[in-house]
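> fold the following, please.
(2 chains)
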Number of protein chains: 2
Amino acid sequence: MSKNFSFELLENDGDARAGIFRTPHGEIPTPIFAPVGTQATVKSLTPAHLHEINANLILANTYHLYLRPGDELISELGGLHKFMSWPNPILTDSGGFQVFSLGGINKIDDEGVTFKSHIDGAKHRFTPEKAIAIQENLGADIIMAFDECSEPYDQAYSEKAMQRTHNWAQRCVQAKTRQDQALFGIVQGGIFPELRQRSAEFIASLDLPGNAIGGLSVGETKEEMHTIIEVVNAILPVNKPRYLMGVGTPEDLINGVMRGIDIFDCVLPTRLARHKAAFTRNGRLNLGNAKHAHSTQPIDAMCTCYTCQNFSRAYIRHLIAAKELLSATLISIHNLHMLIDLAQEIRQAIIEKCFHTFAPTYLLALSNL
Amino acid sequence: MSKNFSFELLENDGDARAGIFRTPHGEIPTPIFAPVGTQATVKSLTPAHLHEINANLILANTYHLYLRPGDELISELGGLHKFMSWPNPILTDSGGFQVFSLGGINKIDDEGVTFKSHIDGAKHRFTPEKAIAIQENLGADIIMAFDECSEPYDQAYSEKAMQRTHNWAQRCVQAKTRQDQALFGIVQGGIFPELRQRSAEFIASLDLPGNAIGGLSVGETKEEMHTIIEVVNAILPVNKPRYLMGVGTPEDLINGVMRGIDIFDCVLPTRLARHKAAFTRNGRLNLGNAKHAHSTQPIDAMCTCYTCQNFSRAYIRHLIAAKELLSATLISIHNLHMLIDLAQEIRQAIIEKCFHTFAPTYLLALSNL
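Numbers count the residues shown, from 1 in each chain, chains lettered A, B, ... in the order given. As a prediction, the model looks like this:
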């Protein structure tokens, strides 16, 4: 690993690990949950809110920022950290997932992907080299290899997409020029353990500073997801961070860490918030529900976030009924705080060698509501 | 004035005054600009944001809160301060303006007004006694007499509405029971100086702890507004706060203070923010404009608010183009900060006997852009 990046493992409890990933914009304690700021903003929150809930690593989206406002503009304005006023580490995905899920696909070939913008239908082309060039303009600390996301139950397509992903990963390594960015490879292969095994072996062989598991949480069962994580993490090197892309309920964090995952991200906490739903230590709550109309209780009685320290469920329900923007902000603060806090609790439990008892207890409480 | 409230005049510069209005939830330094939290939330901002921009007095809306979530619910939950987590002074209007502008009017008579809810069309009736009962349930520090807003250029109707407003103000005084709320009377009379004069004399005769001017900023010219303020303030007692309802551009603050106004409120700063527009010391700015796309400048180079200290016009323009909620939050912080800060600058200028030079200089700059 270059002088700009290092990964130190502090402790483990079974396959669960506590570590520190060092980047040019600071240390990332792992396990960690990274809030998603798709368009260079974590929806409805200011960076000050994010600091208050101890957010550290933030995600931003290559596909979205390339289309609007443009990666060259962000580069001209000093890069993503300055643009969105986030001084801590940032990770950008490669745009692969969005090209395949949002962009109308015109053509996929071994060279790259031609797609239509979901904004105005204009034609664009991403290649591995282009994805790296965009991410170098954005300037995040962690950047991702360009990958192809297959339909996870289609074995033939999953194999083809996996091989292309491997080829593209090699080209991303070649294309990369900046030394202050860590490129992570992405393991693909759908729900097929033998494909995932081959993919993990190939991606591990690239000896990148970190590795990710892509193509999960896209419709497969939790059991299938857990099996794939186990198969892949048995192969990915222990001494490098492992990032489970796009995954992030409280249950997923515990189940992922248990299987050796270090980094998580997900839009769920902020998306749920905009749809009235809050995480609690006893499961999920719909705050739009009439039963909360008279409740003087906070969302979660054990929570120390700004929302739970200051507002009742009745008030938040009123904001939802009145279609007030503040409801999304208050629930987002709570939901993100809860996942960030959970990752910190998990980390402490690992350091104290207590994660093996913490995990089942927490999972049990989550199923209480 | 009761022991719960007092108004102290510290200094004046011409008709402009600097003072302190003391309430059970703290001192209100005047002149002051009060952000509007129609539905018990200043749109897109947390109370923490409001503390950061030194907000003190906040407005909330009787008509809206009566309909949703209901004043009895708010009372049951401990009152408005607790409900919306605002420990500083709150003012509720009487609902008069909204009943006449939003509610479909069924019937106005000398007893009260029957109207339809703008939410579900349900029939409701407000009387002066009802408006006070609701405001006592809400529990704001300053409450307003129930008034009738006329079409300002219709002299016959303006006179009739004014007389009713006077009658209703007397009934509000009778109906009021709480000692920890200050009832302000409202001067009406359209754009007609002779009506305004009679109204000011009547309202002043009620000897209430504060007086307001209603029915302005509803379509009349600035000159007409200034004339009415002068006519009314020549009559309203000097030793009580004067509140100009629903008025609040930077120009209006200066022109109002110059004519003896102490308290302002307006939805404009937050409404403009949701429509891409920002106040600056050199006039108004449309941040959605393409010319800001590459601008590394803050909204206002002299501004010390969180938004101007951390974000470029280019970033805010990007948020607007991407329809991100954060744009409303960031511009609202700036717009409110600017008016609250301006009121503080005005106050300091009055204390230093410099308002007469500050006012024309500031007004000139505002017309620069």
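
> C-alpha only now, for contacts and for neighbours.
OK.

> got the phi and psi for the residue nearest the centre of chain A?
Central residue of chain A (C-alpha atoms, centre = their mean): A:Asp265, 1.9 Å from the mean position. Per-residue torsions, A:Asp265: phi -150, psi 150 (degrees, to the nearest 10).

> list the residues that contact it.
With contacts defined as C-alpha atoms under 8 Å, 6 or more residues apart in numbering or on different chains, A:Asp265 is in contact with A:33-36, A:59, A:244-248.

> repeat for A:Asn239
A:7-9.

> tell me the buried residues within these.
Listed as buried from the contacts of A:Asn239 are A:7, A:9; burial here means 16 or more other C-alpha atoms under 10 Å in any protein chain shown.

> quick check, nearest of the contacts of A:Asn239 to chain B?
A:Phe7 (31.0 Å; C-alpha to the nearest C-alpha).

> and that closest one, what are its bridge partners?
A:Phe21 (DSSP bridges).

> that one is in contact with A:Val238, isn't it?
No. At 10.2 Å, A:Phe7 does not count as touching A:Val238 under the criterion of C-alpha atoms under 8 Å.

> close to chain B, is the helix ranked longest in chain A?
For chain A, the helix with the greatest residue count under DSSP state H is helix A:326-351. Yes. Using C-alpha under 8 Å from any C-alpha of the partner chain, helix A:326-351 reaches chain B at A:326, A:329.

> mind checking what helix or strand follows that helix in sequence?
For helix A:326-351, the succeeding helix or strand toward the C-terminus, using DSSP states H and E, is helix A:355-366.

> who's in contact with A:Gly37?
A:43, A:58-61.

> what is the neighbour count of the closest residue to chain B within the stretch 101-250 of chain A?
With C-alpha to the nearest C-alpha, the shortest gap between the stretch 101-250 of chain A and chain B falls at A:Ile119, namely 9.8 Å. Here the number of neighbours of A:Ile119 (other C-alpha atoms under 10 Å in any protein chain shown) works out to 12.

> what does the one 10 residues further on give?
If you count neighbours by other C-alpha under 10 Å, A:Glu129 ends up with 21.

> then the one 3 residues further on?
A:Ile132 sits with 27 neighbouring residues when counted by other C-alpha under 10 Å.

> show me what the strand or helix carrying it is in contact with.
According to DSSP H and E, A:Ile132 maps onto helix A:128-138. Applying C-alpha under 8 Å, 6+ apart, the contact partners of helix A:128-138 are A:62, A:66, A:71-72, A:74-75, A:79-80, A:92, A:94-95, A:112, A:143, A:145-146, A:168-169, A:171-172, A:175-176, A:178, A:181.

> in helices only, show me these.
A:62, A:66, A:71-72, A:74-75, A:80, A:168-169, A:171-172, A:175.

> ok, A:Leu325 - contacts?
Per C-alpha under 8 Å, 6+ apart, neighbours of A:Leu325: A:319, B:43-44, B:325.

> what's the closest of those to A:Asp13?
Of all the contacts of A:Leu325, A:Asp13 sits closest to B:Leu325, with 41.1 Å by C-alpha to C-alpha.

> returning to what we had before: dump the contacts of A:Asp265 into TSV; add pLDDT as well.
As requested, the contacts of A:Asp265 are arranged in TSV below (pLDDT from 0 to 100):
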residue	pLDDT
A:Phe33	98
A:Ala34	98
A:Pro35	98
A:Val36	98
A:Leu59	98
A:Leu244	98
A:Met245	97
A:Gly246	96
A:Val247	95
A:Gly248	92
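
> just the buried ones from the residues you listed?
Burial by neighbour count, 16+ other C-alpha under 10 Å: within the contacts of A:Asp265 this picks out A:33-36, A:59, A:244-248.

> tell me which of those fall in helices.
Cross-referencing the buried ones among the contacts of A:Asp265 against helices under DSSP H gives no overlap.

> list the buried residues in the helix holding A:Ile132.
A:128-138.

> find the closest residue to chain B in the stretch 1-150 of chain A.
A:Ser44 (5.1 Å).

> host element of A:His49?
helix A:47-52.

> which bits of chain A sit near chain B?
Residues of chain A lying close to chain B (C-alpha under 8 Å from any C-alpha) are A:39, A:41, A:43-46, A:68-69, A:73, A:77, A:83-85, A:294, A:296, A:310-312, A:315, A:318-319, A:322, A:324-326, A:329.

> run the angle between the longest helix of chain A and helix B:326-351 for me.
Counting by axes from the mean of the first three to the mean of the last three C-alpha atoms, to 10 degrees, helix A:326-351 lies at 110 degrees to helix B:326-351.

> helix A:326-351 - what's its average pLDDT?
For helix A:326-351, the mean pLDDT works out to 98.

> wait, A:Cys305 sits on A:Leu336?
No. In this structure, A:Cys305 is not within contact of A:Leu336 by C-alpha under 8 Å, at 9.5 Å.

> contacting residues around A:Gly246?
Listed by C-alpha under 8 Å, 6+ apart, the contact partners of A:Gly246 are A:214, A:216-217, A:264-267.

> adding pLDDT, write the residues you listed out as JSON lines.
What follows is the contacts of A:Gly246, written out as JSON lines (pLDDT from 0 to 100):
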{"residue": "A:Gly214", "pLDDT": "97"}
{"residue": "A:Leu216", "pLDDT": "95"}
{"residue": "A:Ser217", "pLDDT": "92"}
{"residue": "A:Phe264", "pLDDT": "98"}
{"residue": "A:Asp265", "pLDDT": "98"}
{"residue": "A:Cys266", "pLDDT": "97"}
{"residue": "A:Val267", "pLDDT": "97"}
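
> wait, which of the residues you listed is closest to B:Asn255?
Checking the contacts of A:Gly246 against B:Asn255 with C-alpha to C-alpha, the nearest one is A:Val267 at 47.9 Å.

> so what's the residue count around A:Glu223?
Neighbours of A:Glu223 (other C-alpha under 10 Å): 9.

> before we move on, what about A:Asp110?
Based on other C-alpha under 10 Å, the number of other residues close to A:Asp110 is 12.

> residues in contact with it?
A:Arg164.

> then A:Tyr306?
Taking C-alpha under 8 Å, 6+ apart, one finds A:333-334 in contact with A:Tyr306.

> distance-wise, check it relative to B:Val231.
47 Å (C-alpha to C-alpha, to the nearest Å).

> which stretches of chain A have low pLDDT?
A:1-2, A:368-369 (pLDDT under 70).

> quick one on the thing from earlier: most neighbours among the contacts of A:Leu325, which one?
B:Ser44 (27 neighbours).

> for that residue, what are its contacts?
Taking C-alpha under 8 Å, 6+ apart as the test, what B:Ser44 contacts is A:324-326, A:329, B:328-329, B:332.

> of those, closest to B:Asp13?
B:Ser332 (30.8 Å).

> what about that closest one, how many residues nearby?
So B:Ser332, with other C-alpha under 10 Å, has 29 neighbours.

> that one reaches B:Thr270, doesn't it?
Yes. Using C-alpha under 8 Å, B:Ser332 is in contact with B:Thr270, at 5.0 Å.

> for the most far-flung residue of chain A relative to its centre, what are its contacts?
For chain A, the largest distance from the centre (C-alpha atoms, centre = their mean) belongs to A:His294, which lies 35.9 Å off. Neighbour list for A:His294: A:313-314, B:73, B:77 [criterion: C-alpha under 8 Å, 6+ apart].

> what sits against the closest residue to A:Met258 other than its chain neighbours?
Leaving aside its sequence neighbours, A:Met258 sits nearest to A:Ala16 (C-alpha to C-alpha, 6 or more residues apart in numbering or on different chains; 4.9 Å). By C-alpha under 8 Å, 6+ apart, the residues touching A:Ala16 are A:257-261, A:350, A:355.

> if I read this right, A:Cys308 contacts A:Tyr315, doesn't it?
No. Applying C-alpha under 8 Å, one finds A:Cys308 not in contact with A:Tyr315, separated by 11.2 Å.

> look at those two and report which has more neighbours.
A:Tyr315 (29 against 20).

> cheers, nothing more for now.
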